[in-house]
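Peer 1: Mind folding the following:
(one chain, ligands or ions: 1)
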Amino acid sequence: MNSEIYRFTSFTTSNCYILRPFNDDVCFFIDLPPDLEEPLQYVKQHNLTIGGALVTHGHFDHALGMNSFNGPIHMNLDDEFLARNPQEQLSMFTNNKLTSESFNGEIKEVNNSGLDFIKIYHNPGHTEGSTSFEFTDLGLIFTGDFIFKEGIGRTDLSSGNHRDMINSIKNVYTLFKPDYEILPGHGPSEKVSNISKNNIFVKEHIYD
Ligand SMILES: [Zn+2]
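Peer 2: Okay, here's the model as predicted:
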């Protein structure tokens, strides 16, 4: 299946991906960082139709763009509170480019999304509602701040839990097919098999 992926990296270093899974003009956003102008410009320039957004977790650097996004937003509702109330997270991150407005629009539970072309993995640890999205036909997995090329997500931030993270690596990461590509919430993408071989934080828990 043909597809096109556009990656925009926010000033917060988080990635926003725009994916066209069906080789037509329908696109999906994966994560909504605070500065969505450039990705939204891309949609306009290419005359795309927004199918919706999939948000990997509720931290502001992945969800604050909800305020400027026009389309259905799906996420694990365990992270709804974080996504709607960025004030506390923002107070730890002083940058006057960011507004701390809470989000009052609709957020749909991703597990009832009806988007049956996406496989949804719940991988708590970085946050309670952290989720990965697999586009099985394309061999792509968007992991947010669960698994990076060379690291894993922090567990010392709001709603993080280290034991959950280890369980998610043991029980969720190990379900990922070796030849699939991981597209993380920060940094470059990498094949699952290479991560299993080279990422010391992942290796530590999958082979013990
Ligand atoms: Zn995060």
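
Peer 1: okay, CA-based contacts and neighbour counts for the rest of this
Peer 2: Noted.

Peer 1: What number of neighbouring residues does the nearest residue to residue 19 once chain neighbours are set aside come out with?
Peer 2: Spatially, and ignoring its direct neighbours in sequence, residue 19 is nearest to residue 5 (4.7 Å; Cα to Cα, 6 or more residues apart in numbering). Around residue 5 sit 13 other residues, with neighbours defined as other Cα atoms under 10 Å.

Peer 1: Report the buried residues of the helix or strand containing residue 5.
Peer 2: If you go by DSSP states H and E, residue 5 is part of strand 4-9. When burial is assessed from 16 or more other Cα atoms under 10 Å, strand 4-9 yields the following buried residues: 8-9.

Peer 1: what pairs with whichever helix or strand comes after it, and is each one parallel or antiparallel?
Peer 2: Downstream of strand 4-9, the first helix or strand assigned by DSSP H and E is strand 15-20. Sheet pairing of strand 15-20 (DSSP bridges) gives strand 4-9 (antiparallel), strand 26-30 (antiparallel).

Peer 1: I'd like these as a markdown table, with mean pLDDT appended.
Peer 2: Output for the strands paired with strand 15-20, formatted as a markdown table (pLDDT from 0 to 100):
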| stretch | mean pLDDT |
| --- | --- |
| strand 4-9 | 93 |
| strand 26-30 | 97 |
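
Peer 1: Identify whichever of those strands lies nearest to residue 144.
Peer 2: The closest of the strands paired with strand 15-20 to residue 144 is strand 26-30. By Cα to Cα, the value is 8.7 Å.

Peer 1: of all the strands paired with strand 15-20, which lies closest to residue 89?
Peer 2: When the strands paired with strand 15-20 are compared by Cα to Cα, strand 4-9 sits nearest residue 89, at 19.7 Å.

Peer 1: Tell me which residues are up against that closest one.
Peer 2: Strand 4-9 is contacted from outside by 15-21, 23, 38-39, using Cα atoms under 8 Å, 6 or more residues apart in numbering.

Peer 1: Recalculate using a threshold of 10 Å.
Peer 2: The contact list for strand 4-9 (Cα atoms under 10 Å, 6 or more residues apart in numbering) reads 14-24, 27-30, 33, 35-36, 38-39, 42, 183, 185-188.

Peer 1: nearest spatial neighbour of residue 120, skipping sequence neighbours?
Peer 2: Per Cα to Cα, 6+ apart, closest to residue 120 is residue 133, 5.0 Å.

Peer 1: now the one helix or strand the one you found maps to: mean pLDDT?
Peer 2: Per DSSP H and E, residue 133 falls inside strand 131-135. For strand 131-135, the mean per-residue pLDDT is 98.

Peer 1: which residues in the protein form strands?
Peer 2: Assigned by DSSP state E, the strands in the chain fall at 4-9, 15-20, 26-30, 49-54, 73-75, 108-109, 119-122, 131-135, 140-144, 181-184, 190-191.
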